[in-house]
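S.K.: Mind looking at a prediction? Sequence and model below.
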Amino acid sequence: MSGSQLALVQTVLEGARGETTTAWKLALLELKTYAPDAGCVAVVIRAYERGQCEPWCAAALLEAIGHPDGYATALEILQLAPGALAESYAGTALVRMRGADALADLAAVLDDDRLPQRAHEGAARGLAAMADPRADDVLLRAVDRGRIRTSIAGSVASERGIPAARLVSWLRGGDSRRRNLAAWTVFHLAAQGPLLKELEIAMHAALADAPLPFTPEQRSELRERLAN
């Protein structure tokens, strides 16, 4: 553990307690540029276990550091689902630490109906960071079982790079869960830039003909995005 890494960890810990302003956010980003370090993880876990570090802060630090020694603690935070975005940090932390080997644990969280929706959606955020194509099936199963909101699933799907042809098929199909998922995926994709023409046409048709889970404001925003 270098002195620079430890200083960054301390900056985050102090900032999370309100002792600094935005420096801790920059410190989190900088931590990701270093090699994963077991010593830094030990500092974070000790602070978390002593109640000197909120769960969201611990999860954010463990994700930024990326050393697998923090895996069990990140998984615990994900399952506890304490709020304040702790679950989102924890889900992505698991993938940063173990890559595709975290898929089984993320799927187990999504399949556990005893856990709150926050835990399920934190696990889904982890899927967004995973290159393994099997994560698509885990995401779809979670959507079909109502584990996560389609708005969250769409955000995850937009990051996963689901093929446009598949989204077009869902938009034109009769499965409302798939159609809603595709619509939310397009909502997020359209914010990133132009869509393939076929997907744009399918989205316009769905907006005109199908019941979709958007407020009037969201419909208007999506139409504006599609027009750009």
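M.R.: It's in. Numbering: from 1, shown residues only.
S.K.: can you count the residues close to residue 10?
M.R.: By other Cβ atoms under 10 Å, 14 other residues sit near residue 10. All C-beta spots, glycine's among them, are computed from the backbone N, C-alpha and C.
S.K.: which strands and helices sit next to the worst-scoring helix or strand of the chain on mean pLDDT?
M.R.: Counting by mean pLDDT, DSSP states H and E, the chain has its least confident helix or strand at helix 3-16, which shows a mean of 88. Packing partners of helix 3-16 (3 or more Cβ pairs under 8 Å, 6 or more residues apart in numbering; DSSP states H and E): helix 23-31, helix 38-49, helix 55-65.
S.K.: Dump those into CSV; add distance to residue 117 as well.
M.R.: Below are those laid out as CSV (distance: least, Cβ to Cβ, whole Å):
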stretch, distance to residue 117
helix 23-31, 26
helix 38-49, 23
helix 55-65, 17
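S.K.: if you compare these, which one is most tucked away?
M.R.: Across the helices and strands packed on helix 3-16, the average number of neighbours (mean count of other Cβ atoms under 10 Å) peaks for helix 55-65, which reaches a mean of 26.
S.K.: residue contacts, the residue nearest the centre of the chain?
M.R.: Central residue of the chain (Cα atoms, centre = their mean): residue 125, 2.1 Å from the mean position. Contact analysis of residue 125 by Cβ atoms under 8 Å, 6 or more residues apart in numbering lists 87-88, 91-92, 152, 156.
S.K.: tell me the secondary structure for residue 126?
M.R.: Assigned with DSSP: H, G, I helix; E, B strand; the rest coil, residue 126 falls in the helix class.
S.K.: Tell me how many other residues surround it.
M.R.: Residue 126 has 31 nearby residues by other Cβ under 10 Å.
S.K.: What does the pLDDT read for it?
M.R.: Listed pLDDT for residue 126 reads 97.
S.K.: so what's it closest to, chain neighbours aside?
M.R.: Residue nearest to residue 126 in three dimensions, not counting chain neighbours: residue 91, with 3.2 Å by Cβ to Cβ, 6 or more residues apart in numbering.
S.K.: correct me, but residue 126 touches residue 97?
M.R.: No. Look at residue 126 against residue 97 with Cβ atoms under 8 Å: they stay out of range, at 10.4 Å.
S.K.: Tell me where this structure has helices.
M.R.: 3-16, 23-31, 38-49, 55-65, 71-80, 86-98, 103-111, 117-128, 134-144, 150-160, 164-172, 176-190, 197-209, 216-227 (DSSP state H).
S.K.: what helices or strands is the third one leaning on?
M.R.: Read it as helix 38-49. helix 3-16, helix 55-65, helix 71-80.
S.K.: mind listing what the residue nearest to residue 126 touches?
M.R.: Here residue 91 is in contact with 78, 106, 122-127, 129 (Cβ under 8 Å, 6+ apart).
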